[in-house]
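Visitor: sequence first, then the predicted structure:
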Amino acid sequence: MDFFRGKAVYITGGSSGIGFAAARLLAGFGAHVAISARGKERLEVALQEMKRAARAPHQKLLAIACDVSDPKECARATQETLAGLGGCDVVVANAGVTHPSRVLETPDEVYERMMRINYFGTVHTVRAFLPHLFAQRRGRIGIVSSMLGFMGIYGYSAYAASKFAQVGFAECLRQECLDHGVGITLLYPPDTDTPQLAEENKIKPPETKAIAGEVKTMSPEDVAGELLAGIASGALNVVPGGMGKLTYLAKRVAPGLVNWVTDGALKKYRRAHADRP
Ligand SMILES: NC(=O)c1ccc[n+]([C@@H]2O[C@H](COP(=O)([O-])OP(=O)(O)OC[C@H]3O[C@@H](n4cnc5c(N)ncnc54)[C@H](OP(=O)(O)O)[C@@H]3O)[C@@H](O)[C@H]2O)c1
């Protein structure tokens with residue numbers, strides 16, 4: 001993707017999954033890339049992979065330890081990125097966590113953690129870079145939400161609320177950015193084959209599995225590819241995959257249909273397990 005050649009890009013959650021796939025692709029496109037995450041070991045492994053994937057030896061590639069839930073750490077990571085890459089053209093707020101469980105079985109701490117990392121992590125990251133992007137009067141911001149940022153299903157109340165919150169923030173941000181030459185892209189991934197999905201599959205209520213089983217799992221490379229294509233073209237909403245696009249459209253024009261399909265999967269599960277306690 002020629003758009004990214006020579007551009008400076010910062011990605012949170014760049015040590016794993018979708019963020020890492022995006023960072024590796026960007027290195028291959030000739031971008032200067034800074035990734036951040038909390039765990040230093042995975043960051044170092046990711047950085048070495050990015051160096052292997054780089055298009056040219058002069059590309060600047062950085063790994064920065066940062067917890068996005070802390071605004072001071074986000075401010076420091078921003079300064080390190082601007083100094084290390086010599087500026088910043090594209091910011092991707094991708095870091096996120098999940099914890100599926102039923103409403104009454106979800107501890108308060110989980111509701112708070114989802115908001116702290118997924119929502120406030122996005123807000124802190126964007127706000128730390130915004131003065132720089134506004135001052136240079138150009139830039140792009142990618143925000144990684146989820147299909148659960150436009151629809152809710154069984155077991156995802158804490159996570160979906162944080163993903164809907166990102167969308168509300170981004171829609172307002174889009175309009176404020178119009179005067180400053182900065183574009184917003186919102187990504188709504190479906191189930192994607194990453195360490196996060198592997199972890200959440202271990203604790204998902206069986207009802208959630210029965211419903212989510214209807215959605216096809218995508219590779220992090222394909223999802224990251226759609227994210228970067230969306231940022232390059234200036235698209236506002238990007239839903240990776242055919243099933244995701246269809247669901248997004250259905251949710252907008254016929255929301256009852258989406259509930260009918262997911263409720264149907266739940267009822268099917270209940271019928272199949274009616275004899276069990
Ligand atoms: N995988 C899916 O099925 C799926 C579907 C829809 C949306 N998404 C969204 O896509 C994004 C990436 O998910 P993924 O599946 O690629 O997950 P992943 O493989 O688990 O990677 C998550 C990344 O975020 C980092 N991270 C987590 N908490 C952080 C914090 N407090 N501060 C800074 N970095 C943090 C992780 O590193 P450390 O833990 O070392 O900090 C890691 O680099 C998330 O926003 C997720 O909600 C994923």
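Guide: Noted; the coordinates are in hand.

Visitor: rest of the way, CA atoms for contacts and neighbours
Guide: Will do.

Visitor: and I153, what helix or strand is that in?
Guide: Using DSSP states H and E, I153 sits within no helix or strand.

Visitor: what's near enough to touch it?
Guide: Contacts of I153 were listed using C-alpha atoms under 8 Å, 6 or more residues apart in numbering, and they are 208, 211, 262.

Visitor: got a pLDDT number for it?
Guide: I153 carries a pLDDT score of 95 in this model.

Visitor: and it, how far from the ligand?
Guide: Taking C-alpha to the nearest ligand atom, to the nearest Å as the criterion, I153 is separated from the ligand by 13 Å.

Visitor: what does V33 give?
Guide: Going from V33 to the ligand by C-alpha to the nearest ligand atom gives 14 Å.

Visitor: now swap in T192 and tell me
Guide: Distance of T192 to the ligand, computed by C-alpha to the nearest ligand atom: 4 Å.

Visitor: then F20?
Guide: Taking C-alpha to the nearest ligand atom as the criterion, F20 is separated from the ligand by 7 Å.

Visitor: for Y156, same thing?
Guide: 11 Å.

Visitor: list the buried residues for stretch 75-89?
Guide: Taking 16 or more other C-alpha atoms under 10 Å as the basis for neighbour counts, the residues of stretch 75-89 that come out buried are 75, 77-78, 80-82, 84-85, 87-89.

Visitor: tell me the one of these nearest the ligand?
Guide: Checking the buried residues of stretch 75-89 against the ligand by C-alpha to the nearest ligand atom gives A77 as the nearest, at 10.6 Å.

Visitor: the closest one belongs to a helix, doesn't it?
Guide: Yes - A77: assigned to a helix according to DSSP: H, G, I helix; E, B strand; the rest coil.

Visitor: and the pLDDT at it?
Guide: A77 is assigned a predicted lDDT (pLDDT) of 98.

Visitor: contact residues of the protein facing the ligand?
Guide: Residues of the chain found near the ligand, taking C-alpha under 6 Å from any ligand atom as the criterion, are 12-19, 37-39, 66-69, 94-97, 117, 144-146, 189-197.
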